[in-house]
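Asker: Any chance you could fold what I've pasted below:
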Amino acid sequence: MITTENQLVEKLNRLIDENLDDTTVSIDTICQTLGVSRSQLHRALKSQSSLSTSLYIRQRRLLKAKELLLTTELRISEISDRVGFINPQNFSSYFMEAFAVSPTEFRKLSAEPQLIQSEERVETLPSTPDSTPPPAKPFFRQRRGGLVALGLVLVLGAGLYGWFWFRATNRPDSTKPATNSLAILPFTNLGNLEDNLACEGIMDDVHTSISFIKNLKVIARSSSDQYKDTKKSIWQIGDELQVAHVLKGSVLKTRDQIQIKLELINTQEDIRVWVKKYNTPLNDIYQLTDQIVQDVAGQLKLPAQLVVDDKTGGGRTQNLGAYNAFLQGRQLLVSRLEPDLMASLVRFDRALVLDTAFADAYAGKAVAYHLLLGSAKFERSTLNRLTEENALKAIRLDPTNSTAYGVLGSLYYSTYQWQASENAFRIALQHNPNDAQVNHWYALLLRTTGRLNESVQYSKQAIALDPLHPVMMSVYISNCSLAGQFELARAGIETGRGLFDKSFAFQLGTAYYWLCRADYGRAATHFQQMLVLNPDDKGQIPLLLYCEAKQGNRQKATQFLHDLTATTPRSDYERAVVYAGLNQADSSLYFLKKAADGGYLYRDTKVMPVFRTYHTHPIFKAVMRRFELPE
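Answerer: Sure, this is the predicted structure:
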């Protein structure tokens, strides 16, 4: 006799199969269709399979994918779409995790005779109800050896569920997110359109404050903000960002009152574990933020003393007008466009008129001036001075201001002050280890100074905190490649493919990978793709010509040198790169030294494969000493 639980699981299986390619189907939709509560469905699946609802759905989809690999000739990306995985890289990772073989390798092995024997042994493993897949649909094209493939499908259906569930519940899961990991999704504004800025500011303050909870990984806003108005399910968001929890919120502003509703959701189970409403006058927003931080820490079972509660000093303001002007200025920083940066400075100055001790406003000014480097309106030395002055003012008012330390670190890095840069970055990370940007900047400094393995670690932390940032992924791939950790670099490329194909930065990172592997043809291809996506980045043309020359295409390199009439230190460095590709070491070293004598050093010179054969040469050593880099 079939039990109620068995019937429920059978209905669920049919529902999943009927909606395999629909990525918007949520657990709530499933429960509504089946006429059961989330807890009922959860108990039934735990009883039948020991799996949560979200994992059960994923595994059902993966088994269907395995069937399609055996019975069709669809491409891997097409199969990924048909079974409800938007990202083919995630699909491949989950498949590998479940079956210890990639989809491509599984398809190749399926035609080999020894696979039949190995799969037939699965028949002795435990089976589960309704595990036999339905007959193949008419559009399935049978592969070579159709009867064997059909037999394999039946065997898999009879026994593989039990084996798969055993693996999923007993193996070490390297991709399972850490328990103390959180993404804060964009808050919903329930008020008028003119209240969007207030909603944005409140979310940013909540995000910043929660980021200061020690031992908690908080995803950067540049990644979590991409889920605004998303139709993706919570478990999909958790998988893509590798977090155990998400925090959703809504904000309603009425005159000078603020109402905030927060929900904490477990991504593995897709279950809301906590919800709370807060009401407060807008003037008390900082006190409310502190309470939210304490509540979130408590729900995540992080002791209250682990919360950084000394950040609330000089960085904040009690002046509502100053706070609003600061929010406007910070919002203008996002685009990094010169008119917006200039407008942000006006807002920060307005905030400082209303509150002369507002440290965050000084830090905002420092960031704006630093981002204006390259502007024709200012001398570089003037921008450097203004960046440093405002950052130091912020630190005097608030010694824990990680934004100010971070921008100082970047400033000192850009002016070749390696030790001062490292000191600033380390202090910034001490106060806020969840700052993805500072982890990224520090990785660049470590790369410049030749500490490549350390650089990889900080790059890895940066992309863990900001996994959808193409520049950070590019630098991670480059750092792994320069460090000779090619498997990690390749994994980064596979992860980024499909996500960042249209990003010039991702193409640059991939080009560096092939450059470090001395595959100059593929490197040149990706440099070319990078230039198509970002024609204004002329700085990589010498590396493209280096690769062309290394393949024997010397004419383009020679023509570039002939046409290069500029006599700046930067152009001398470009000559050094191209001469290296032409295997003219004397000319290359001559122009490398000339660029250094003019005060210019490409910050990756020490680790670039282009100059690797020069490391023992006296001229190269002299250049390193000139810029106080270890030989």
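
Asker: where along the chain do the strands fall?
Answerer: For the chain, the strands defined by DSSP state E cover 181-184, 188-189, 217-218, 245-254, 257-266, 271-281.

Asker: Which strands border the fifth one, and is each parallel or antiparallel?
Answerer: In other words, strand 257-266. strand 245-254 (antiparallel), strand 271-281 (antiparallel) (DSSP bridges).

Asker: Would you mind finding the most buried of the ones you listed?
Answerer: Most buried of those by mean neighbour count (mean count of other CB atoms under 10 Å) is strand 245-254; its value is a mean of 20. All C-beta atoms are positioned from the backbone trio N, CA, C, and that covers glycine.

Asker: what is the mean pLDDT for that strand?
Answerer: Averaging pLDDT along strand 245-254 gives 91.

Asker: what's in contact with it?
Answerer: If you take CB atoms under 8 Å, 6 or more residues apart in numbering as the criterion, strand 245-254 is touched by 181-185, 187-191, 195, 198-199, 202-203, 206, 210, 234, 237-238, 258-267, 273, 282, 296, 300.

Asker: Just grab the bridge partners of Val218 for me.
Answerer: Leu182.

Asker: Contacts only, for it.
Answerer: Residues near Val218 by CB under 8 Å, 6+ apart: Ser181, Leu182, Ala183, Ile184, His207, Ile210, Ser211, Asn434, Leu465.

Asker: what's near enough to touch the last one?
Answerer: In other words, Leu465. Leu465 sits next to Lys217, Val218, Ile219, Ala220, Ser223, Asn434, Asp435, Ala436, Asn439 when contact means CB under 8 Å, 6+ apart.

Asker: quick one: low-confidence parts of the stretch 351-500 of the chain?
Answerer: Residue ranges of the stretch 351-500 of the chain with pLDDT under 70: none are present.

Asker: circling back: got a winner among the contacts of Val218 for most neighbours?
Answerer: Ala183 (28 neighbours; other CB atoms under 10 Å).

Asker: my read: that one touches Leu241, true?
Answerer: Yes: using CB atoms under 8 Å, Ala183 makes contact with Leu241 at a distance of 4.9 Å.

Asker: Identify the residue spatially nearest to Lys393, adjacent ones excluded.
Answerer: Leaving aside its sequence neighbours, Lys393 sits nearest to Tyr362 (CB to CB, 6 or more residues apart in numbering; 4.4 Å).

Asker: can you count the residues close to the one you found?
Answerer: Neighbourhood size, Tyr362 [other CB under 10 Å]: 28.

Asker: Please report how far it lies from Asn401.
Answerer: Tyr362 sits at a distance of 8 Å from Asn401 (criterion: CB to CB, to the nearest Å).

Asker: Now do the shared contacts for these two.
Answerer: In terms of CB under 8 Å, 6+ apart, Tyr362 and Asn401 are both contacted by the residues Ala394.

Asker: Looking at the strands of the chain, which is nearest to Val610?
Answerer: Of all the strands of the chain, it is strand 217-218 that lies closest to Val610, at 36.4 Å by CB to CB.

Asker: The closest one: how far from the chain's middle?
Answerer: Its chain's C-alpha centre and that of strand 217-218 lie 12 Å apart, by CA atoms, centre = their mean, to the nearest Å.

Asker: That strand - what's its average pLDDT?
Answerer: On average, the pLDDT along strand 217-218 is 94.

Asker: try stretch 607-620
Answerer: 96.

Asker: got it, and stretch 194-205?
Answerer: 80.
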